[in-house]
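Enquirer: No sequence on hand, only this structure:
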């Protein structure tokens, strides 16, 4: 099977239901951002120590779920319905439970922190910010077209999850968080 079809050479793409959209359509932009997010999670996984088997398994599950989510978005607004939708409240609840479990191992957060400290933590922050972009794109899409209403809470919680994991990765290596300092207090 060839990887190229030449169908997109004129700026159009075919959705999963057979309909065609411009490659810069809001729906295509949104599921494209989800794909980018998934790729950045793969890069994060390459920075996670191998002994963090639980975290790595959670990241693989997130990649699977984001692929499902992108698949949902790859159907036109007219094709959107509950039979198609896979993202659900259970996914969001699981993320909340995991956030709570990781947070229990972290120092109390009293300051804003900067996205740094280690390659893995910094990459987790990159993923967090990409998740926020996906959330913003999805919100815009949901105002114009039909989407699964469970996706927005899931993405919102997912960005919190990556923030928490970034902090957890620093604790695992004994690396201090880099705190934000107000401009007036900077030397």
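Expert: On my side now, so go ahead. For clarity, every value in this text was computed on a predicted model and none was experimentally measured. Residues are numbered from 1 along each chain as shown.
Enquirer: Every contact and neighbour count from this point should use C-alpha atoms.
Expert: OK.
Enquirer: which ones are touching residue 90?
Expert: With C-alpha atoms under 8 Å, 6 or more residues apart in numbering as the criterion, no residue contacts residue 90.
Enquirer: run the last query once more with 10 Å
Expert: Neighbouring residues of residue 90 by C-alpha atoms under 10 Å, 6 or more residues apart in numbering: 96, 150, 154.
Enquirer: Which secondary structure element is home to the spatially most central residue of the chain?
Expert: Taking C-alpha atoms, centre = their mean, the centroid of the chain lies closest to residue 131, which sits 3.8 Å from it. Per DSSP states H and E, residue 131 falls inside helix 119-144.
Enquirer: List the buried residues in the next helix or strand after that helix.
Expert: Sequence-wise, the next helix or strand downstream of helix 119-144 (DSSP H and E) is helix 151-173. If you call a residue buried by 16 or more other C-alpha atoms under 10 Å, then helix 151-173 has these buried ones: 151-152, 154-171.
Enquirer: show me where pLDDT drops low in the protein?
Expert: By pLDDT under 70, the chain has no low-scoring segment.
Enquirer: For residue 121, which non-adjacent residue is closest in space?
Expert: Sequence neighbours aside, residue 166 is the residue nearest to residue 121 in space, at 4.3 Å (criterion: C-alpha to C-alpha, 6 or more residues apart in numbering).
Enquirer: what number of residues lie near residue 8?
Expert: Using other C-alpha atoms under 10 Å, residue 8 has 12 neighbouring residues.
Enquirer: my read: it touches residue 23, true?
Expert: Yes - under the criterion of C-alpha atoms under 10 Å, residue 8 makes contact with residue 23 at 8.0 Å.
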